[in-house]
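1. Provided below for reference: sequence and predicted model.
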Amino acid sequence: MRTMRLWSAIILGMSLFAGRAAAAPETYKIDPNHSSVGFSIRHFFSKVPGKFDTYEGTITLDPKDLSKTTVEVSIDAASIDTGNKDRDTHLKSPDFFDVQKFPKITFRATSVTPQGTNKATVKGDLTIHGVTKPVTLEAEVLGFSPDPWGNYRGGFEAKTKINRQDFGVSWNKAIEGGGALLGDEVEILLDVEGVRAAPKAAAPETAPKKN
């Protein structure tokens, strides 16, 4: 009897381990009410911040193996907000983002390399102004927790730098004494909170057809 109980416990433990090992990665939908897509660029000598207010995306990952992570983000270019209406209108024009012709900014991860337990280097394709270029982000998984409303949330942070000239966003103006009004380097900082999607229900098994 003891031997049978021992074997039953071993088989149960192996089944649980196999279930965890085969668990599907978790998908988190970006919550725009608790996230920020921000950037900054040099204006004369200081940096001016800005952000985009409308965006959507998903992060799919296995917390125990970040190399399996996938990321897809779409940003409404016309939602740019620098706190100045006239400046924002200029940024939406053909001098910069040309939002009528190129309404979306997108990012899709192509590879993720873990850097320790909660950090990773994320490489992907960034499309701005209709131009797609490879970029590298330094990302960090900040944590996971249930919320008071029955959801499960994850926190993420990522940052990178790009040259706007690479994407054809080249408007500038010379200033007296030399130099240019705007810098070319743009710092991007993403603070993201995501809500875990409910797992898809398994498809019902169908009985084999009788011959």
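-> Perfect, I can see it now. Numbering: from 1, shown residues only.
2. just checking, Lys92 touches Val99?
-> Yes - with contact defined as CB atoms under 8 Å, Lys92 counts as touching Val99 (4.6 Å). Every residue, glycine included, has its C-beta placed from N, CA and C.
3. shared neighbours of those two, anything?
-> 77-78 (CB atoms under 8 Å, 6 or more residues apart in numbering).
4. worst-scoring helix or strand of the protein, pLDDT-wise?
-> helix 2-21 (a mean of 38; mean pLDDT, DSSP states H and E).
5. give the contact list for the nearest residue to Ser79 once chain neighbours are set aside.
-> Once flanking residues are discounted, Ser79 sits nearest to Thr54: 3.7 Å by CB to CB, 6 or more residues apart in numbering. Residues in contact with Thr54 (CB under 8 Å, 6+ apart) are 32, 75-76, 78-79.
6. Shouldn't Thr89 be within a strand?
-> No - Thr89: not assigned to a strand; according to DSSP: H, G, I helix; E, B strand; the rest coil it is helix.
7. And the residue nearest to Ser79, how close does it get to Asp125?
-> From Thr54 across to Asp125, the span is 21 Å (CB to CB, to the nearest Å).
8. which stretch of helix or strand covers the closest residue to Gly124 other than its chain neighbours?
-> In space, and not counting its chain neighbours, Gly124 is closest to Ala109: 4.1 Å by CB to CB, 6+ apart. For Ala109, the enclosing helix or strand under DSSP states H and E is strand 104-114.
9. could you give me the average pLDDT of the helix or strand that comes right after that strand?
-> Tracing the chain past strand 104-114, the next element assigned as helix or strand by DSSP H and E is strand 119-128. Averaged across strand 119-128, pLDDT comes to 98.
10. Buried residues in strand 119-128, which are they?
-> 120, 122, 124, 126-128 (16 or more other CB atoms under 10 Å).
11. likewise stretch 55-69?
-> So, applying 16+ other CB under 10 Å, buried residues of stretch 55-69: 55, 57, 59-61, 66, 69.
12. next one: stretch 167-186
-> Residues 167, 169, 182-183, 186 are the ones in stretch 167-186 that count as buried (16+ other CB under 10 Å).
13. One more: stretch 99-108?
-> Neighbour-count burial for stretch 99-108 [16+ other CB under 10 Å]: 99, 102, 105-107.
14. Check what contacts stretch 173-187 and list those residues.
-> 39-44, 47, 159-165, 171-172.
15. Mind giving me the ChimeraX command for buried ones among these?
-> In ChimeraX, selecting the buried portion of the contacts of stretch 173-187, with burial taken from 16+ other CB under 10 Å, looks like this:
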select :39,40,41,42,160,162,164
